[in-house]
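Engineer: Sequence and predicted structure, then a few things I'm wondering about:
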Number of protein chains: 2
Amino acid sequence: MMDDYDSTFKHYLDLVENKLIQVIKDREPKNLYFPIEYILLDGGKRIRPLLCMLGCQSTGGDPYEAVDAAVAIEIMHNFTLVHDDIMDNSSVRRGKTTIHLKWDLPTAILSGDAMVGLALEVLSNYSNYANFGKIIEQFVYGYLEVCEGQALDMLFNKKVDVTSDDYFTMIQKKTAAVIQTSLAIGGLCSGAVEEDIETLREFGLNLGIAFQLQDDLLDLTASKDKLGKPIGNDILEKKKTLIVILAKERAKNAKDKELIDLIFSETPIASETISDYVNLFEKLDVFSDIQEIIDSYFDKARNSIFALSKNEGTKMLKYLLDKINVRSY
Amino acid sequence: MMDDYDSTFKHYLDLVENKLIQVIKDREPKNLYFPIEYILLDGGKRIRPLLCMLGCQSTGGDPYEAVDAAVAIEIMHNFTLVHDDIMDNSSVRRGKTTIHLKWDLPTAILSGDAMVGLALEVLSNYSNYANFGKIIEQFVYGYLEVCEGQALDMLFNKKVDVTSDDYFTMIQKKTAAVIQTSLAIGGLCSGAVEEDIETLREFGLNLGIAFQLQDDLLDLTASKDKLGKPIGNDILEKKKTLIVILAKERAKNAKDKELIDLIFSETPIASETISDYVNLFEKLDVFSDIQEIIDSYFDKARNSIFALSKNEGTKMLKYLLDKINVRSY
């Protein structure tokens, strides 16, 4: 039964992959579209497109109706990666050199910009749907939230007193809003009632928060090969994740405090120091407590599925949730 | 009569200005929205919003119906300025320091990104219009064309054999497509028939080409104060405008050829040399010939207005065209 769902997911994502290829092939000029192909066709977990198709299926729709929406969302998500990598000075993404380093800054800016246009072009395939207005509104909501979330993230890099509330506001915008949007647009493709769309948004909010907390944790606990980028990148970039905020609250002795304060200072952190941070976070029980928080958000998401009529789609949504819950990269 | 139209235009643009203020006020975080306010509310010629409202009125609609569309297009246009200024390393825009220099690179990238979202949010005010699908499609067309046009522009910076055909393809995408889109979306707001929308696109195409050729010419012939940036900027940036392409074809003696070849080389050009270029272009009759080409495109645009039913809107469209035809900045 479980294997069946995995092969269904693979089938869904093959459709997404084929459509992605179709969307970008034969476009000119190549200096604009080749970098887009480079990032779009290099894999990625494709969680958002899958959620979009399941958002459609779980509200009684045909999942194939949502393939274009799934593709639009994946393109939009990849746009955020291209621009975030510039802003964060990241050199590696999914094991490959980032676009602004492989090509140059103007190419990375412009390719990102064009991806937003491509996403909207694919989404325009629903222009004759009664729900098209709502689809665009939901897309724009997710898009603006992710911009605001990135702005907060940048703000927090310079801020010394980031609270856990600040952090949750930021990840709700930066990560959860697009996941909510993936599910809600899927639901809108099925013509679901507003109540079900709202349930999908609730599910997406909690899943999105859990997902980002997991990302923060995996940044320090995953294996480098699986992560596709160096371990402890967030620490090197001085991100004030919930891990860091909790550790700051808990650190008592001078040496531990000094290590944490380094994250809130202007002084660069050496990558050799990452293991010291890992040891400290473990000592302060931060990792295990964050894992509990993660699981509680997954539970919230899991519970909201019950508000939808039980069907193959809701079962798959639950299966996917459980799978993400135990991911190791 | 003419004065009346000018005061009508002022009235239209006051509505656009008020709506722009309304769109950006009270938004958070400020590190994202303050730079947007900085560029959006600092003037600009506002030709595109005016064309949008007249596109609506000239096809029998109420111009006030198109205010939101006009605002969306102006925001989108300003997004392209913010990102282009980064890509072109420009330090001054409308007499003010560009965002990436006044703030920083990440702020400029992200503010530009968010402006696309704001434009779409305002455009979503038409989500209950029968034409909403077409409005979004037209917007996306203009958006993607401007990205492709900028990519070609960047490509030409490195290319030594840019032809006048290449140049016209580039400006059709980079400049004319958004002007076409301004008019067409205005027409779509009025619920115009497809034939009239097509006429507006034709009008916009020719106006847009004329407008860009004028910009290229004014870059060398306008007064610095009126231009809001240094004279000869395109030469310093080694842009292969039609002026340069024509001059290259016509330059015969070694000294003139050398001056032109410098534009096609990697060697930086000193701003003191700009007057030499101006003198050369004048000697080769390039300025006067370009002016003739510009006037021919304005004529084409003017003639296409006759395909629309005569009304106050078409009269104003012609009046605006004549005004742009004789602009000095």
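Structural biologist: Here it is on my side, so go on. What you are looking at is a predicted structure, and each value in this text was computed from that prediction instead of being measured.
Engineer: make it CA atoms for all contacts and neighbour counts henceforth
Structural biologist: Will do.
Engineer: could you point out where chain A is predicted with low confidence?
Structural biologist: The model of chain A has pLDDT under 70 over residues A:1-3, A:227.
Engineer: How about the residue nearest to the spatial centre of it, nearest residue that isn't a chain neighbour?
Structural biologist: Residue closest to the mean C-alpha point of chain A, counted by Cα atoms, centre = their mean, is residue A:175 at 5.0 Å. Nearest non-adjacent residue to residue A:175, counting by Cα to Cα, 6 or more residues apart in numbering or on different chains: residue A:208, 5.9 Å away.
Engineer: burial of the one you found, as a residue count?
Structural biologist: 25 (other Cα atoms under 10 Å in any protein chain shown).
Engineer: Same check on residue A:209?
Structural biologist: 27.
Engineer: Apart from its neighbours in sequence, what residue is nearest it?
Structural biologist: residue A:176 (5.7 Å).
Engineer: The one you found and residue A:206 touch, don't they?
Structural biologist: Yes: under the criterion of Cα atoms under 8 Å, residue A:176 makes contact with residue A:206 at 7.5 Å.
Engineer: which of those two has more neighbours?
Structural biologist: Between residue A:176 and residue A:206, residue A:176 has the larger neighbour count (other Cα under 10 Å), namely 29 against 23.
Engineer: The more buried one: what secondary structure?
Structural biologist: Following DSSP: H, G, I helix; E, B strand; the rest coil, we place residue A:176 in the helix state.
Engineer: Against residue A:318, how distant is it?
Structural biologist: 18 Å (Cα to Cα, to the nearest Å).
Engineer: And residue A:44, by the same measure?
Structural biologist: Relative to residue A:318, and taking Cα to Cα, residue A:44 is found at 21 Å.
Engineer: With residue A:66 instead?
Structural biologist: 19 Å.
Engineer: Neighbour count: those two, which is higher?
Structural biologist: residue A:66 (29 against 16).
Engineer: ok, now which ones touch the closest residue to the more buried one other than its chain neighbours?
Structural biologist: Leaving aside its sequence neighbours, residue A:66 sits nearest to residue A:53 (Cα to Cα, 6+ apart; 5.2 Å). By Cα atoms under 8 Å, 6 or more residues apart in numbering or on different chains, the residues touching residue A:53 are A:12, A:63, A:64, A:65, A:66, A:67, A:70, A:183, A:186.
Engineer: Mind doing that once more with 7 Å?
Structural biologist: A:63, A:66, A:67, A:70, A:186 (Cα atoms under 7 Å, 6 or more residues apart in numbering or on different chains).
Engineer: Can you give the contact residues for the helix or strand where the fourth one lies?
Structural biologist: Taking DSSP states H and E as the definition, one finds residue A:70 inside helix A:67-87. Outside helix A:67-87, the residues within contact range by Cα under 7 Å, 6+ apart are A:15-16, A:20, A:40, A:48-49, A:52-53, A:98-100, A:108-109, A:112, A:115-116, A:119-120, A:122-123, A:182, A:185-186, B:106.
Engineer: Show only the entries of these found in helices.
Structural biologist: If you go by DSSP state H, the contacts of helix A:67-87 have A:15-16, A:20, A:40, A:48-49, A:52-53, A:99-100, A:108-109, A:112, A:115-116, A:119-120, A:122-123, A:182, A:185-186, B:106 in helices.
Engineer: Near chain B, which residues of the stretch 201-329 of chain A? Just list them.
Structural biologist: Residues of the stretch 201-329 of chain A lying near chain B by Cα under 7 Å from any Cα of the partner chain: none.
Engineer: and the residue of the stretch 201-329 of chain A found nearest chain B, how many residues sit next to it?
Structural biologist: Going by Cα to the nearest Cα, chain B is nearest to residue A:237 of the stretch 201-329 of chain A, at 14.4 Å. Neighbour count of residue A:237, defined by other Cα under 10 Å: 15.
Engineer: From residue A:89, how far off is it?
Structural biologist: Distance from residue A:237 to residue A:89, by Cα to Cα: 9 Å.
Engineer: ok, now residue A:209?
Structural biologist: For residue A:209, the distance to residue A:89 - Cα to Cα - is 24 Å.
Engineer: and if you look at residue A:160?
Structural biologist: Residue A:160 is 21 Å from residue A:89, where distance means Cα to Cα.
Engineer: do the same with residue A:163
Structural biologist: According to Cα to Cα, residue A:163 and residue A:89 sit 24 Å apart.
Engineer: repeat for residue A:202
Structural biologist: 33 Å.
Engineer: So between those two, which is more surrounded?
Structural biologist: Neighbours were counted for residue A:202 and for residue A:89 using other Cα under 10 Å; residue A:202 has more, 19 against 14.
Engineer: For the one helix or strand residue A:133 maps to, which residues meet the burial criterion?
Structural biologist: Secondary structure assignment for residue A:133, by DSSP H and E: helix A:132-158. Judged by neighbour count using 16 or more other Cα atoms under 10 Å in any protein chain shown, the buried positions of helix A:132-158 are A:132-154, A:156-157.
Engineer: try stretch A:24-32
Structural biologist: A:24, A:31, A:32.
Engineer: Could you dump these into JSON lines with distance to residue A:294 and secondary structure added?
Structural biologist: JSON lines is the format used below for the buried residues of stretch A:24-32 (distance: Cα to Cα, whole Å; DSSP: H, G, I helix; E, B strand; the rest coil):
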{"residue": "A:24", "distance to residue A:294": "36", "secondary structure": "helix"}
{"residue": "A:31", "distance to residue A:294": "41", "secondary structure": "helix"}
{"residue": "A:32", "distance to residue A:294": "39", "secondary structure": "helix"}
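Engineer: filter those residues down to the ones near chain B?
Structural biologist: A:31, A:32.
Engineer: any idea which of the buried residues of stretch A:24-32 is the one closest to chain B?
Structural biologist: For the buried residues of stretch A:24-32, the residue nearest chain B by Cα to the nearest Cα is residue A:32; the value is 5.9 Å.
Engineer: What is the burial count for residue A:96?
Structural biologist: 14.
Engineer: Tell me the spacing between it and residue A:225.
Structural biologist: Counting by Cα to Cα, the gap from residue A:96 to residue A:225 is 12 Å.
Engineer: Please apply the same query to residue A:144.
Structural biologist: In terms of Cα to Cα, residue A:144 sits 33 Å off from residue A:225.
Engineer: Is residue A:117 in contact with residue B:142, as I believe?
Structural biologist: No: the criterion here is Cα atoms under 7 Å, and residue A:117 misses it with residue B:142 at 9.2 Å.
Engineer: Residue A:114 and chain B, how far apart?
Structural biologist: With distances taken as Cα to the nearest Cα, to the nearest Å, residue A:114 is found 6 Å from chain B.
Engineer: Point out the residues in the stretch 51-200 of chain A that sit beside chain B.
Structural biologist: Residues of the stretch 51-200 of chain A lying near chain B (Cα under 7 Å from any Cα): A:87, A:106, A:110, A:114, A:117, A:120-121, A:124, A:127-128, A:133, A:137, A:140, A:143-144, A:147-148, A:151-152.
Engineer: rewinding a little: helix A:132-158 and the helix or strand following the helix holding residue A:133, what's the angle between them?
Structural biologist: Heading C-terminal from helix A:132-158, the first helix or strand you meet, by DSSP H and E, is helix A:164-171. Between helix A:164-171 and helix A:132-158, the angle comes out at 140 degrees (axes from the mean of the first three to the mean of the last three Cα atoms, to 10 degrees).
Engineer: can you list contacts of helix A:164-171?
Structural biologist: In contact with helix A:164-171 (Cα under 7 Å, 6+ apart) are residues A:149, A:152, A:153, A:209, A:212, A:241, A:242, A:245.
Engineer: Can you give me the distance of the third one to residue B:102?
Structural biologist: If you measure residue A:153 against residue B:102 using Cα to Cα, the figure is 20 Å.
Engineer: do residue A:119 as well
Structural biologist: Using Cα to Cα, we find residue A:119 at a distance of 31 Å from residue B:102.
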